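In: Sequence and predicted structure are below.
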Number of protein chains: 2
Amino acid sequence: MSTIRDVAKIAGVSVATVSRVLNKNGYVNKDTEITVLRAMKELNFEPNPVARGLAGKKMMTISLILPDISNPFFPELARAVEDVAQKNQFNVFLCNSDNLENKEKSYIEVMQKKGIDGLIIVSNTVEEETIKALHDAKIPVVLLDRPLTNNNCTMVKAQNIEGAHAAVKHLLEIGCKKIAHISGPMNLNTAYERLVGYKEIVSQFEWFNDSLIEEGGFDIKGGREAMKRLLLTNPDIDGIFAGNDLMTLGALKELLHMGKNVPGQVAICGFDGIQLTEYTEPEITTIAQPIYEMGALATDVLIRQIKGELNENKTFELPVQLIIRNSTNKKN
Amino acid sequence: MSTIRDVAKIAGVSVATVSRVLNKNGYVNKDTEITVLRAMKELNFEPNPVARGLAGKKMMTISLILPDISNPFFPELARAVEDVAQKNQFNVFLCNSDNLENKEKSYIEVMQKKGIDGLIIVSNTVEEETIKALHDAKIPVVLLDRPLTNNNCTMVKAQNIEGAHAAVKHLLEIGCKKIAHISGPMNLNTAYERLVGYKEIVSQFEWFNDSLIEEGGFDIKGGREAMKRLLLTNPDIDGIFAGNDLMTLGALKELLHMGKNVPGQVAICGFDGIQLTEYTEPEITTIAQPIYEMGALATDVLIRQIKGELNENKTFELPVQLIIRNSTNKKN
DNA sequence: TTGAAAGCGGTACCAA
DNA sequence: TTGGTACCGCTTTCAA
């Protein structure tokens, strides 16, 4: 590893000059520049990011805080983030928060000390002031997947309400007469929006009542249990819209376990579009979020902000897509 | 953010002294120490990792290079690594190599410049010299999942051969009379070992011949295609041992698609133990690797090496476990 | 037992 | 256009 001083010596110029050509700022004579560049090549010089960071420059590092990388929704998101970061010479710290506010907070603090240039976070608990602290430290933040209403910072999310509409309408179209909803935790904005979308459509039908809504915790087990409860209170339901794919999986298991024919007796539609939905039998109809695109967009915007090319805080709502598979294929 | 100078000033001592109590090295008078500690508390002082790094100390950062975080095998591994790292105050850079040697190499270079203290890598292409370069730079390396024979560095892997034995024996026990193997890419040590394990058992039977082995690329599509080929060349197979769960999934799809009863006509057993295997119908019997434990152990060992508590390069082979599910449940 | 000061490898201000 | 140099925040050697 050669240093900037080595380059300066070989090129016969000052350290300051080398720094100038390195950063392409300040006046540098064309010839000197060439000499310096040549010296850099010769020594195979690459600036030390740590030293740069200490001197107040970008460390070309961002961090990604998400609930749990082993939840099937996140790996694709993480992959997108890393891909775009890498393309822009950034590296990414991975942090699992388990949705714990204090874990999030402590990660944010540590990351800040480590000199990250930006932060992407999937959270439903970050506080206004945390974001502001980052903002004051000139560290851009992008809220991914879960918007926080009271925060004014860039957000990237999917069209949850529209997606819920599409799901319910699809179930109606294939002939469902009584559609239940397995919702996510109500403190999650995404879960709330999908519930709202569901209600907006079904509330106009006389068969609708609140017992058709059960909360499932966004995981497989919760989905299965919610399904069990629904089957008890409403044995005649013939359509399910679950708030995410993991719960759909659980619900499907329970339905099959109870001897229900899916989609014959009960059709079911999920939300997210994770790969898993393709591997079940029957394959699961779902509202696919553009997961990769969301991660990629978030990262792109973040990096733009880091570079100072972008300033306003916009909210990006990406369209979702109904993917019809056998779990709603009534073939009638 | 207060600096060490602030602390020194408040405590009325020199910067050097503060540094000494901070690092618990060198002589420090008990009383001075208390004064300094008090000043640190008062200012809420925390040393800047970047400055520390530049001054030649640990940056409390490791990096994890793996093929692709969106491959279902890796999120749990990554989670384990991050968990253990975090518990030890380390943070982790996530890098996706796509099994590309040049991507790996460039990551390693960049990471080294960024001052990582250690590296965990899942790779089948790292070169001896790359490892040695790291070693020379005093950066410990742990090879995870895929051992490289010619490298002398710490490795953590699963007992692939034993696992393959268990799989094939299980298929024999439930009455299979002709067992095929869908193997992974032969340049992967893991795939090779599982093939070896398979062969060691089946070669003693007169029904065995090489047409019972098809390569599937370790992914779903590859598994499905391999299954298709096997069904053509050996329509009478009644047992499949696939080299990993993703291929098992693909093979299962194909079997069901061809109208085969699983496990009635054909029983199938995978390898890895990823969650996915629980969500199919039928659920898949598999040889479960202790994925989380492998990641955790690798990280634990790495951090020990970073701290200088450990030096020899050992290879850890973790036991696998046969998990019997319906894909091999012949109930006879 | 403590402090002064020289790095670590860059950046950037100020003079020249 | 260029160079000298203070500084980023901490570690460590050497003297005191």
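Out: Great, that's in hand. Numbers count the residues shown, from 1 in each chain, chains lettered A, B, ... in the order given.
In: What about A:H165, how many residues nearby?
Out: Counted with other CB atoms under 10 Å in any protein chain shown, the neighbours of A:H165 add up to 19. In this view, the C-beta of every residue, glycine as well, is placed from N, C-alpha and C.
In: And for the one 10 residues further on?
Out: A:G175 has 11 neighbouring residues, counting by other CB under 10 Å.
In: what's the answer for A:L318, then?
Out: 14.
In: Closest residue of the stretch 151-300 of chain A to DNA strand D?
Out: A:C153 (25.1 Å; CB to the nearest atom of the strand).
In: Do you know the pLDDT at that residue?
Out: pLDDT, the model's per-residue confidence, is 86 for A:C153.
In: Check the secondary structure at the residue of the stretch 151-300 of chain A found nearest chain B for me.
Out: With distances taken as CB to the nearest CB, the stretch 151-300 of chain A approaches chain B most closely at A:E281, which sits 4.0 Å away. Applying DSSP: H, G, I helix; E, B strand; the rest coil to A:E281 yields a three-state assignment of coil.
In: Determine whether any part of stretch A:15-23 lies close to DNA strand D.
Out: Yes: interface with DNA strand D: stretch A:15-23 contributes A:V15, A:A16, A:T17, A:R20 (CB under 7 Å from any atom of the strand).
In: what separates the second one from A:L43, distance-wise?
Out: With distances taken as CB to CB, to the nearest Å, A:A16 is found 18 Å from A:L43.
In: residues in contact with whatever residue of the stretch 101-250 of chain A ends up closest to DNA strand D?
Out: Distances between the stretch 101-250 of chain A and DNA strand D by CB to the nearest atom of the strand are smallest at A:K113, namely 8.9 Å. With contact set as CB atoms under 8 Å, 6 or more residues apart in numbering or on different chains, A:K113 has these partners: B:M1, B:E46, B:N48, B:P49, B:V50.
In: In helices, which of those residues fall?
Out: Of the positions in those, B:P49, B:V50 sit in helices, assigned by DSSP state H.
In: least confident pick among the contacts of A:K113?
Out: When the contacts of A:K113 are sorted by pLDDT, the bottom entry is B:M1 at 81.
In: what residues does the stretch 51-200 of chain A put near DNA strand C?
Out: Neighbours of DNA strand C within the stretch 51-200 of chain A, by CB under 7 Å from any atom of the strand: A:A51, A:R52, A:L54, A:A55, A:G56, A:K57.
In: Among these, which pair sits farthest apart?
Out: Farthest apart among those by CB to CB are A:A51 and A:G56. That separation is 10.7 Å.
In: thinking again about what came up before, please check the residues of stretch A:15-23 next to DNA strand D and keep the buried ones.
Out: Buried residues within these, counting neighbours by 16 or more other CB atoms under 10 Å in any protein chain shown: A:T17, A:R20.
In: quick revisit: so which of the contacts of A:K113 comes closest to DNA strand C?
Out: Looking at the contacts of A:K113 and their distance to DNA strand C, the nearest is B:V50, at 9.1 Å (CB to the nearest atom of the strand).
In: follow-up on the earlier one: include pLDDT and distance to A:Q159 when you put the residues of stretch A:15-23 next to DNA strand D into a markdown table, please.
Out: As requested, those are exported to a markdown table (pLDDT from 0 to 100; distance: CB to CB, whole Å):
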| residue | pLDDT | distance to A:Q159 |
| --- | --- | --- |
| A:V15 | 94 | 53 |
| A:A16 | 93 | 52 |
| A:T17 | 95 | 53 |
| A:R20 | 95 | 48 |
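In: Per the annotation, how does chain A divide into domains?
Out: In the assignment given by automatic domain parsing, the structural domains of chain A cover A:4-56, A:61-158+A:291-319, A:160-289+A:322-328.
In: Ends of the second one, what's the gap?
Out: For domain A:61-158+A:291-319, the first-to-last residue distance is 29 Å (CA to CA, to the nearest Å).
In: Between A:A51 and A:G56, which is the more surrounded one?
Out: A:A51 (16 against 7).
In: who does the longest helix seen in chain A touch, helix- and strand-wise?
Out: Among the elements of chain A assigned as helix by DSSP H, the one spanning the most residues is helix A:291-306. Packing partners of helix A:291-306 (3 or more CB pairs under 8 Å, 6 or more residues apart in numbering or on different chains; DSSP states H and E): strand A:61-66, helix A:74-87, strand A:118-121, strand A:141-144, strand A:154-158, strand A:315-318.
In: The helix or strand harbouring A:A8 near chain B at all?
Out: Using DSSP states H and E, A:A8 sits in helix A:4-11. No: contact between helix A:4-11 and chain B, assessed by CB under 8 Å from any CB of the partner chain, is absent, since the two come no nearer than 13.4 Å.
In: quick one: is stretch A:208-219 near chain B?
Out: No: under the criterion of CB under 8 Å from any CB, chain B is not reached by stretch A:208-219; the shortest gap measures 11.4 Å.
In: what residues does that stretch touch?
Out: So stretch A:208-219 is in contact with A:178-186, A:188, A:191, A:195, A:198, A:202, A:222-223, A:225-227, A:229-230, A:233-234, A:237, A:242-244, A:246-247, A:250-251, going by CB under 8 Å, 6+ apart.
In: partner residues bridging A:Q321?
Out: Beta bridges link A:Q321 to A:A288 when assigned by DSSP bridges.
In: And for it, the neighbour number?
Out: When neighbours are counted by other CB under 10 Å, A:Q321 registers 14.
In: Contacts only, for the residue in the stretch 201-332 of chain A positioned nearest to DNA strand D.
Out: When scored by CB to the nearest atom of the strand, the stretch 201-332 of chain A has A:I306 as its residue closest to DNA strand D, at 19.6 Å. By CB under 8 Å, 6+ apart, the contact set of A:I306 is A:K58, A:I62, A:D117, A:G118, A:P140.
In: got any ranges where the stretch 201-332 of chain A has weak pLDDT?
Out: Using pLDDT under 70 as the threshold, the predicted model of the stretch 201-332 of chain A has low-confidence ranges A:331-332.
In: And what about the residue in it positioned nearest to DNA strand C, helix, strand or coil?
Out: For the stretch 201-332 of chain A, the residue positioned closest to DNA strand C under CB to the nearest atom of the strand is A:G308, at a distance of 12.6 Å. In terms of secondary structure, A:G308 is coil; the call rests on three-state DSSP.
In: So what does it look like in phi/psi?
Out: phi 80, psi 10 (degrees, to the nearest 10).
In: What is the end-to-end distance of stretch A:139-159?
Out: Between the start and the finish of stretch A:139-159 there is a gap of 27 Å, counting by CA to CA.
In: Touching it from outside, list them.
Out: Outside stretch A:139-159, the residues that reach it (CB under 8 Å, 6+ apart) are A:66, A:77, A:112, A:116-124, A:126, A:128, A:131, A:134-135, A:188-190, A:289-290, A:294-295, A:297-299, A:301-302, A:305-306, A:313-320.
In: again, only this time at 6 Å
Out: For stretch A:139-159, the external contacting residues (CB atoms under 6 Å, 6 or more residues apart in numbering or on different chains) are A:118-120, A:122, A:124, A:128, A:131, A:134, A:189-190, A:289, A:294, A:297-298, A:301-302, A:305-306, A:313-320.
In: Equivalent analysis for stretch A:89-97, please.
Out: Applying CB under 6 Å, 6+ apart, the contact partners of stretch A:89-97 are A:60-65, A:67-69, A:82, A:85, A:103-104, A:107, B:82, B:91-94.
In: If anything else comes up later, I'll come back, but that's it for now.
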